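[1] this one's sequence-less:
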């Protein structure tokens, strides 16, 4: 009997490569139907975690469960999960249709030809590539190859779809489009998506939950909002969104204030009511970013910090130039004291 | 100046070969005195039982060599791929050495090896009425010896250029290791295996030195040509030489084309 709602579960999973510990004692439960991202810099163990779920690597210790079944030691070809590879890994000697039907054709007994053809058409339609079946993968654009890789994995209706930095090879504009497409696709097919990325914006914008990793350990798991508003330490606050850190007297703690929570005005008196901090600052740098402007300012007491001013207030208060003496301040709830780790 | 130099080099390189082809169409009976165009000597060569017998022996040897080298060479390359560290460096070096060893050394050493083995086992086989000796099979064995290295080298290069994640993708899509090998690895290696097959065929077909040592009573085409030249060069020999030349040439071009095409699909992935 199994009452676990998790589709994939890590229980105390550790992976060592020689002396290097890639993944250290991780517990992770992926819920059915959710879109979970593992976020972290390169070398944090996120890809190794993904490869252990797929079955390409086996844990040095600990156990992996898929749909409540212990699959530790089970090879990749006997696990009901599928993966979208970073560079898609489409088979160059096969047509798009043969790439997509590859998983179905490995079944024993092999499904009937007509059944395979219908499933392939459906899968290609799902990723908006109708009529591309006869093409070779290398004739397609990067975005199209990506969608073939998705169709090739989703046609098997996996318990979990694993995505290894799927958008890293795409250009910026296409990446935005694919983010939205991936989200829609996940909602439509209702399959659990597990995405690995180093791009915090990608993780925050697409996922139901994000798992932040560092040096092989999970630092924090939560909704994008939780991670942004209630980071457990300096590392998470720094990795998820931009923030200012002011070191505390002991060094064990830091004060974190998000740049968009800092108000600026021409002088201290022009700042709104109810702020707990008000200080004169000097503008050191200004970067115009369209809908908002990023200032680097410095105060005598706190040193340099960053302010994100929305376009609206700029029109009211005017644009400040480098070298201007202005004022900055923030409300009590903007301050967050975090462990300095 | 440089161009004139280049032209001289090419004349020096290709004139003798052109001469052979040219005089193979000679109507007269002397190799070097032109008496008009004719394909008479080709007809004569192809109806000469000695030449046809030698051709048959050569084709059997070349084909067997190519098949065996392609299989063993591919397996060697696949095996080497799994080795690491100094073991791999050693085996890599041994493969290059196998290619660089002069034919005469392979000829002499295989001759000595075969003679020693035959001397050792023939007394015990005598009771069964079997007697091992030099001949077609000895030539095949000696040719396979160094053509394994040729195939292994070509397949190795292709394996190293192959995207490892294709194998992962295949296993991720439920293909067993054997299924992955059959459906992904083998098709991707096919161009290099075929090119290796063709090269092995060519090297074996035109080899004289190794065959001279170990062919025993059997006569390959190059050996036939060598022995008949001692009785003087005839247009018939020129005709045979031209056929050998054409065969080698065509096979090498096909091998090159196959390799190029394979590289193109590999890059495109």
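    Thanks, I have it. Model, not experiment: these values are computed from the prediction.

[2] residue B:239 is in contact with residue B:45, correct?
    Yes - using C-beta atoms under 8 Å, residue B:45 is in contact with residue B:239, at 4.6 Å. Using the backbone N, CA and C atoms, a C-beta is placed for each residue, glycine as well.

[3] okay, those two: which has more neighbours?
    Counted by other C-beta atoms under 10 Å in any protein chain shown, residue B:45 and residue B:239 do not tie: residue B:239 has more neighbours, with 26 against 23.

[4] count the neighbours of residue A:272 for me.
    10.

[5] and it, what does it touch?
    A:263, A:265, A:329 (C-beta atoms under 8 Å, 6 or more residues apart in numbering or on different chains).

[6] secondary structure class of it, three-state.
    Following DSSP: H, G, I helix; E, B strand; the rest coil, the label given to residue A:272 is coil.

[7] so which bits of whatever helix or strand residue B:113 lives in are buried?
    Residue B:113 is part of helix B:103-125, with elements assigned from DSSP states H and E. Of the residues in helix B:103-125, B:103, B:106-107, B:110-111, B:114, B:118 count as buried by neighbour count, 16 or more other C-beta atoms under 10 Å in any protein chain shown.

[8] near chain A, which residues of chain B?
    B:163, B:165-166, B:168-177, B:179-180, B:183-184, B:187-188, B:265-266, B:268-269 (C-beta under 8 Å from any C-beta of the partner chain).

[9] one more pass at 7 Å, please.
    Within chain B, the residues that sit near chain A (C-beta under 7 Å from any C-beta of the partner chain) are B:163, B:165-166, B:168-169, B:171-176, B:179, B:184, B:187-188, B:265, B:268-269.

[10] just the buried ones from those?
    For the residues of chain B next to chain A, buried by 16+ other C-beta under 10 Å: B:163, B:165-166, B:168-169, B:171-175, B:179, B:184, B:188, B:269.

[11] among the contacts of residue A:272, name the ones in strands.
    Using DSSP state E to define strands, the subset of the contacts of residue A:272 located there is A:263, A:265, A:329.

[12] now residue B:54: closest residue in space, sequence neighbours ignored.
    In this structure, residue B:54 finds its nearest non-sequential neighbour in residue B:224, 3.9 Å apart by C-beta to C-beta, 6 or more residues apart in numbering or on different chains.

[13] wait, which of the contacts of residue A:272 is closest to chain B?
    Distance to chain B, by C-beta to the nearest C-beta, is smallest for residue A:263 among the contacts of residue A:272, at 49.5 Å.

[14] just give the nearest non-adjacent residue to the closest one, would you?
    In this structure, residue A:263 finds its nearest non-sequential neighbour in residue A:329, 5.5 Å apart by C-beta to C-beta, 6+ apart.

[15] picking up where we left off before, any buried residues in the helix or strand that contains the residue nearest to residue B:54, and which?
    Assessed by DSSP H and E, residue B:224 sits inside helix B:221-229. The neighbour-count check on helix B:221-229 (16+ other C-beta under 10 Å) flags B:221-225, B:228 as buried.

[16] where does the prediction get shaky in the chain?
    I'll assume chain A. Low-confidence segments of chain A (pLDDT under 70): A:1-4, A:312-318.

[17] the chain in question should be chain B.
    Under the criterion pLDDT under 70, the flagged ranges of chain B are B:31, B:263-269.

[18] for the ones in strands among the contacts of residue A:272, pick the one with the most neighbours.
    residue A:263 (21 neighbours).

[19] ok, now how distant is that residue from residue A:270?
    Residue A:263 sits 10 Å away from residue A:270, going by C-beta to C-beta, to the nearest Å.

[20] now do residue A:204
    Taking C-beta to C-beta, one finds residue A:204 at 33 Å from residue A:270.

[21] so for these two, which sits in the more crowded spot?
    Between residue A:204 and residue A:270, counting by other C-beta under 10 Å, residue A:204 is the more crowded of the two (18 against 12).
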